[in-house]
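# Predicted model follows, preceded by the sequence.
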Amino acid sequence: MTTLASVFEKARAENRAALVGYLPAGFPTKEGAIAAATAMVEAGCDVIEIGLPYSDPLMDGPTIQDAVHRSLLNGTRIADVMHTVEGVAKTGAATLVMTYWNPVYIYGAERFARDLASAGGVGTITPDLIPEEAGPWCAASAAAGIDTVFLVAPSSPDERIASVVECCTGFLYAASLMGITGARESVGSAAEGLVKRSRAHTSIPVCVGLGVGTGAQAAEVAAYADGVIVGSAFIRRLLDAPDEATGLAAVRELATELAAGVRSR
């Protein structure tokens with residue numbers, strides 16, 4: 001199983017940033033999500049985040065909300081998320097689940113961590129779980145041998161960053177701007193400063209997400225971050241495609257462009 005640590009070690013050895021791609025489970029279909037993520041890996045993604053569809057996606061912009069809504073209409077459940085993780089992990093990419101806390105809490109933290117590890121998952125990203133309440137989840141994850149990834153934002157003071165990184169293993173997710181997800185014409189100008197401030201408190205990799213959608217933007221972020229996270233741009237390619245085959249070709253093309261970007265820093 002590929003670990004996050006080995007991914008970032010390999011990227012550093014190649015003098016580049018890692019490319020992290022996101023797709024929700026069950027979109028465009030349950031098996032289509034595995035096929036799309038596989039295409040992303042084959043074209044250059046090092047890490048795949050599988051989104052757990054949730055009816056109240058506080059951080060997600062309209063593109064991801066649309067995909068998640070379609071996933072829920074497809075009847076996607078946690079068992080399907082685990083099946084997706086299993087399928088994607090077989091590609092050799094480090095595979096995480098990005099999820100809001102409530103589904104994990106209802107499912108049971110220890111059970112969720114065990115099932116994710118059994119499926120080949122290497123960790124989770126929990127955007128709405130705060131450090132003060134993360135103890136049980138960190139313990140369950142450590143027992144299952146999976147990483148925990150938490151978020152910081154441009155508004156995070158240094159003291160907050162310090163408390164967040166204490167909970168982090170794998171990498172720290174640095175949001176490039178204040179707001180919801182979505183590809184934009186430019187990456188938030190505060191991202192580089194946030195990465196620099198974060199590195200003063202931790203030696204784990206720092207990855208930047210929110211707003212990246214082109215190879216040029218990936219190269220810009222890769223110049224100062226350990227990893228570049230892209231989600232909405234992949235989803236948009238699938239949403240705009242007239243059929244699944246066209247969608248797979250489109251995400252493969254984008255992943256190729258982004259992979260070239262993170263290598264051109």
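Received, thanks.
# Quick one: the strands in the protein, in order.
All strands of the chain, identified by DSSP state E, fall at 18-24, 47-51, 94-98, 123-125, 147-149, 151-152, 172-175, 206-209, 227-230.
# Nearest spatial neighbour of Trp137, chain-adjacent residues omitted?
Distances taken as Cβ to Cβ, 6 or more residues apart in numbering put Ala109 closest to Trp137, at 5.3 Å, once the chain neighbours are dropped. No exception for glycine: its C-beta is placed from N, CA and C like everyone else's.
# correct me, but the one you found touches Cys138?
No. Look at Ala109 against Cys138 with Cβ atoms under 8 Å: they stay out of range, at 9.6 Å.
# about what we covered before: enumerate every residue touching the residue nearest to Trp137.
By Cβ atoms under 8 Å, 6 or more residues apart in numbering, Ala109 lies in contact with Pro136, Trp137, Ala140.
# can you redo those residues as TSV with neighbour count?
Conversion of the contacts of Ala109 to TSV gives the following (neighbours: other Cβ atoms under 10 Å):
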residue	neighbour count
Pro136	11
Trp137	21
Ala140	19
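# Is it possible to get TSV of these that adds distance to Asn74 and pLDDT?
Shown next, in TSV, are these (distance: Cβ to Cβ, whole Å; pLDDT from 0 to 100):
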residue	distance to Asn74	pLDDT
Pro136	31	96
Trp137	27	98
Ala140	28	98
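# which one of these is nearest Ala223?
Trp137 (33.0 Å; Cβ to Cβ).
# and that closest one, what does it touch?
Trp101, Val104, Ala109, Ala113, Thr126, Leu129, Thr148.
# out of everything not next to it in sequence, what's closest to the residue nearest the centre of the chain?
A centroid search over the chain (Cα atoms, centre = their mean) returns Glu49, at 3.8 Å, as the residue closest to the centre. Leaving aside its sequence neighbours, Glu49 sits nearest to Tyr22 (Cβ to Cβ, 6+ apart; 4.1 Å).
# Could you do Ala225 as well?
Val208 (4.4 Å).
# how much space is there between that neighbour and Ala153?
11 Å (Cβ to Cβ, to the nearest Å).
# and what of Gly75?
Distance from Gly75 to Ala153, by Cβ to Cβ: 33 Å.
# one step back: the residue nearest to Glu49 and Ile229 touch, don't they?
Yes. Using Cβ under 8 Å, Tyr22 is in contact with Ile229, at 6.7 Å.
# Overlap of the contact sets of the two?
Common contact partners of Tyr22 and Ile229 (Cβ under 8 Å, 6+ apart): Glu49.
# rewinding a little: if you count what's nearby, which of Gly75 and Ala153 comes out ahead?
Ala153 (19 against 10; other Cβ atoms under 10 Å).
# I'd say the more buried one and Ala175 touch.
Yes. The criterion here is Cβ under 8 Å, and Ala153 meets it with Ala175 at 4.6 Å.
# who touches both of these two?
Leu194.
# Who are the contact partners of the closest residue to Leu129 other than its chain neighbours?
Spatial nearest neighbour of Leu129, chain neighbours left out: Trp101 (4.5 Å); criterion: Cβ to Cβ, 6+ apart. Contact analysis of Trp101 by Cβ under 8 Å, 6+ apart lists Thr126, Asp128, Leu129, Trp137.
# And for Thr214?
Ala183, Ala233, Glu257, Leu258, Gly261.
# separation between the residue lying closest to Glu192 once chain neighbours are set aside and Asn15?
With Cβ to Cβ, 6+ apart as the criterion, Glu192 has its nearest non-adjacent residue at 4.9 Å, and that residue is Tyr224. From Tyr224 over to Asn15 the distance is 14 Å, taken as Cβ to Cβ.
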